[in-house]
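# One predicted model, sequence on top.
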Amino acid sequence: MKRILSVILSLILLLSSAAFGFAAYAAEGDTALENPLYAERPVLYSPSVIPVNVASETKKYGGKTYYSDGKQLYLSYKNQLVQRKESCTLYYVTKNQLSWSYQKRNLLDKLFICATEEELATGCTDGDYLRWAIKGYPAVFTLNATVSGYYYYTIKINASYYDTLSEEQQVDSAVNSFLSGVDTNKLSDYEIIKKVHDYICSKTKYDYSAAEEYSSDKYAYAFSPYGTLIKGKSVCQGYAASFYRICKELGYSVRFVSSSPRRGCHAWNIIKLDGKYYFVDCTWDDEIAEGKSEFSAPQDYYFLINYDNARAYDYNSNHLLDGDYYDNADFYNNYELYFDENDYDRDNTELLSRCTVSLNSKSYSFDGGSKTPFVTVTTASGAVLENGADYTVSYTNNKNAGCARAQITGLGGYDGANTHRHYIIYPNVTYTPWVSAYDSTSVTLKWKAAEGGVTGYRVEQYKDGKWSYIGYSTSTTYKAKVPSATKQSFRIRAYKEVSKRHYFGKYSAGVNAYSKPAQPSIKSLSSKKKKLTVKWNKVNCTGYEIQYSVNKNMKGAKTVKASYSSVSKTIAKLKKGKKYYIRIRAYKTYNINSKNTTFYGAWSAKKSVKIK
């Protein structure tokens with residue numbers, strides 16, 4: 001178990017000397033902390049102690065909304081962490097003044113545990129996935145005011161992560177690419193989960209350098225799915241987070257679990273099949289396959305085994321669940337109570353998890369009605385199960401755009417087992433946009449909101465002979481930058497985002513947009529024998545209008561034109577000794593619907609000259 005011990009040693013030495021070590025804080029009011037999952041310090045908070053779904057008390061002060069301990073405060077923190085923000089801001093209100101550093105440290109621990117609690121997870125990149133993505137969270141507390149017995153704090157948290165936002169986006173792409181190749185209509189749950197396990201093991205190798213070196217910054221990638229799925233090198237944390245991420249997106253009940261920093265500091269997973277939880281350790285299975293293990297378990301031994309067998313080859317309690325985090329009523333009632341006493345029965349082909357579950361349609365377009373695809377459940381031996389006798393089907397999220405779910409619940413001999421399959425309801429065709437405003441550098445598009453609870457809209461522009469993405473909008477308007485005096489074409493389509501995946505509707509019809517010419521500027525004015533000559537900078541246009549008047553407000557101004565290729569114009573028959581004011585603008589004529597339409601640019605600044 002040299003590998004595991006080296007992980008522990010490196011983490012302990014690293015974190016004890018890091019800038020955000022347990023006892024390190026720069027000044028009064030500053031508090032520095034590392035992720036408590038790696039720290040040898042007491043854990044004061046767990047789901048059985050903190051009810052994370054209790055609403056925060058809300059207070060207004062100085063134009064800001066402050067939250068007490070509760071769901072709104074935890075969600076605010078969680079949402080910033082999911083976005084990989086390095087500077088997170090929380091507005092915290094409490095009846096208890098935070099006078100001592102240990103109070104602030106305890107609060108930071110509580111905020112971290114609650115923000116990353118599985119109960120508040122709504123996707124595949126929060127919950128356990130987020131909890132293990134964070135290295136530390138040093139913070140500065142500022143007391144803004146004390147009003148009516150309440151203390152108003154701003155908490156500035158400098159979060160550090162094992163991967164960056166751009167690296168996380170690469171993970172998103174890798175996961176989406178893998179999932180697009182998993183045809184759940186043709187696979188059983190067992191086969192789907194095995195496919196995930198094998199994919200992770202094939203994508204990476206155990207990174208011994210990361211486990212043995214003391215520089216977490218140098219090897220940060222190895223502790224994240226970025227190392228596992230992109231760089232191909234990671235430690236157990238990267239393996240387990242990757243398995244959690246993909247299985248969670250596939251809709252399975254899965255957790256990332258770990259042993260204590262004092263007992264192996266190892267990470268693996270539990271996942272539910274047929275109503276029971278089993279243990280999966282991609283890391284140790286991968287090392288067995290590579291022939292680098294220090295134990296004699298067979299290949300794939302750690303795929304869907306029970307708790308006792310997970311610990312059978314341990315001598316340092318590597319697979320003993322960390323009591324600080326898992327010894328509580330919440331984990332027991334929701335997970336441990338359902339640990340199977342036996343390994344998953346791979347030879348039992350009649351289990352519901354060994355059945356192929358297919359839907360007669362896996363995609364629909366939103367039309368306002370509920371979508372209920374027909375479900376066929378077939379055993380591994382080819383027998384078709386009977387709806388109402390062997391199972392029932394229920395549907396969730398099956399009306400609006402997004403990812404819907406067909407839930408299959410076993411009956412009779414399958415009682416206690418359940419499975420599911422996802423299908424997509426795509427947004428309907430988006431209404432054709434129109435141009436609501438335009439100038440020489442931009443056009444503003446507007447459109448009618450799509451129905452069905454969409455997340456936003458993708459905007460595309462026709463460039464170089466093809467449609468190209470230019471941006472997203474979560475409202476019904478988009479301002480696009482364009483060259484002056486040009487015709488541009490745009491189209492949009494609505495999308496629904498679910499767990500970082502975008503489900504797109506069909507494109508709208510295209511709309512043409514026309515920009516004004518740029519504003520020319522007068523370079524020089526000169527006068528000679530009742531004439532003036534104006535020179536200007538050239539812009540893209542059909543032509544120019546030059547106005548001149550003896551009145552500064554341009555009252556009674558006369559207008560002459562110049563061609564698009566001109567850069568000067570001489571105006572004659574002017575009054576000697578008079579002061580004339582001059583300005584110029586460009587215009588562009590487009591043929592729109594077989595009619596010529598002229599768009600005028602802005603007038604230049606006025607200049608004056610006295611006629612000789």
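Received it, and whenever you're ready, just let me know what you need.
# for this structure, which strand is longest?
strand 579-592 (DSSP state E).
# Which secondary structure elements does it sit against?
strand 511-514, strand 522-527, strand 532-536, strand 543-549, strand 595-600, strand 607-610 (3 or more CB pairs under 8 Å, 6 or more residues apart in numbering; DSSP states H and E). Any C-beta I mention is one placed from the backbone N, CA and C, and that applies to glycine too.
# switch the cut-off to 6 Å
strand 543-549, strand 595-600, strand 607-610 (3 or more CB pairs under 6 Å, 6 or more residues apart in numbering; DSSP states H and E).
# I'd like those strands as TSV, with mean neighbour count, mean pLDDT and distance to L107 appended.
Listed next are those as TSV, based on neighbours: other CB atoms under 10 Å; pLDDT from 0 to 100; distance: least, CB to CB, whole Å:
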stretch	mean neighbour count	mean pLDDT	distance to L107
strand 543-549	20	97	67
strand 595-600	12	96	59
strand 607-610	15	96	65
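# Run through the bridge partners of L359.
V375 (DSSP bridges).
# burial count for it?
When neighbours are defined as other CB atoms under 10 Å, L359 has 18 of them.
# Wait, F366 touches N398, no?
No - with contact defined as CB atoms under 6 Å, F366 does not count as touching N398 (10.9 Å).
# Out of the helices and strands packed on strand 579-592, flag the one nearest D347.
strand 595-600 (75.5 Å; CB to CB).
# neighbouring strands for the closest one, and are they parallel or not?
Strand pairing (DSSP bridges) places strand 595-600 next to strand 579-592 (antiparallel).
# what's the angle between the strand it pairs with and strand 532-536?
50 degrees (axes from the mean of the first three to the mean of the last three CA atoms, to 10 degrees).
# before we move on, back to that, neighbour count: F366 and N398, which is higher?
F366 (23 against 19).
# Tell me how far the residue found closest to that one once you drop the neighbours it is linked to in the chain lies from T597.
Distances taken as CB to CB, 6 or more residues apart in numbering place G452 nearest to F366, at 3.9 Å, with adjacent residues excluded. From G452 over to T597 the distance is 36 Å, taken as CB to CB, to the nearest Å.
# same thing with V539?
Distance from V539 to T597, by CB to CB: 19 Å.
# so who does the nearest residue to A145 once chain neighbours are set aside touch?
Using CB to CB, 6+ apart and skipping the chain neighbours, the partner closest in space to A145 is Y152 (4.7 Å). Neighbouring residues of Y152 by CB atoms under 6 Å, 6 or more residues apart in numbering: 61, 66, 93, 144-145.
# just checking, which of those residues belong to strands?
Taking DSSP E, the ones among these that sit in strands are 61, 66, 93, 144-145.
# Take those residues and write them to TSV, including neighbour count and distance to F339.
What follows is those, written out as TSV (neighbours: other CB atoms under 10 Å; distance: CB to CB, whole Å):
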residue	neighbour count	distance to F339
Y61	14	48
Y66	24	42
V93	24	41
N144	16	48
A145	12	50
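# Just the C-alpha atoms of the host helix or strand of Q488, please, in PDB.
Assigning secondary structure by DSSP states H and E places Q488 in strand 487-498. Only the C-alpha atoms of strand 487-498 are listed here, as PDB (Å, rounded to 0.1, in the frame of the first residue of the first chain):
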ATOM      1  CA  LYS A 487     -25.400  43.500 -44.800                       C
ATOM      2  CA  GLN A 488     -25.300  40.700 -42.200                       C
ATOM      3  CA  SER A 489     -27.500  37.700 -41.600                       C
ATOM      4  CA  PHE A 490     -28.400  36.100 -38.300                       C
ATOM      5  CA  ARG A 491     -30.300  33.200 -36.900                       C
ATOM      6  CA  ILE A 492     -31.000  31.800 -33.400                       C
ATOM      7  CA  ARG A 493     -32.100  28.600 -31.700                       C
ATOM      8  CA  ALA A 494     -33.300  28.000 -28.200                       C
ATOM      9  CA  TYR A 495     -31.500  25.600 -25.800                       C
ATOM     10  CA  LYS A 496     -32.200  23.900 -22.500                       C
ATOM     11  CA  GLU A 497     -29.100  23.300 -20.300                       C
ATOM     12  CA  VAL A 498     -29.200  20.300 -18.000                       C
END
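# what packs against that strand?
Partner elements for strand 487-498 (3+ CB pairs under 6 Å, 6+ apart): strand 402-410, strand 456-463, strand 501-504, strand 511-514.
# right, and the ones you listed - which one's nearest Y564?
Taking CB to CB, strand 511-514 is the member of the helices and strands packed on strand 487-498 nearest to Y564, at 16.2 Å.
# re the thing from before, any chance of JSON lines for the ones in strands among the contacts of Y152, columns pLDDT?
Below are the ones in strands among the contacts of Y152 laid out as JSON lines (pLDDT from 0 to 100):
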{"residue": "Y61", "pLDDT": "96"}
{"residue": "Y66", "pLDDT": "98"}
{"residue": "V93", "pLDDT": "97"}
{"residue": "N144", "pLDDT": "97"}
{"residue": "A145", "pLDDT": "96"}
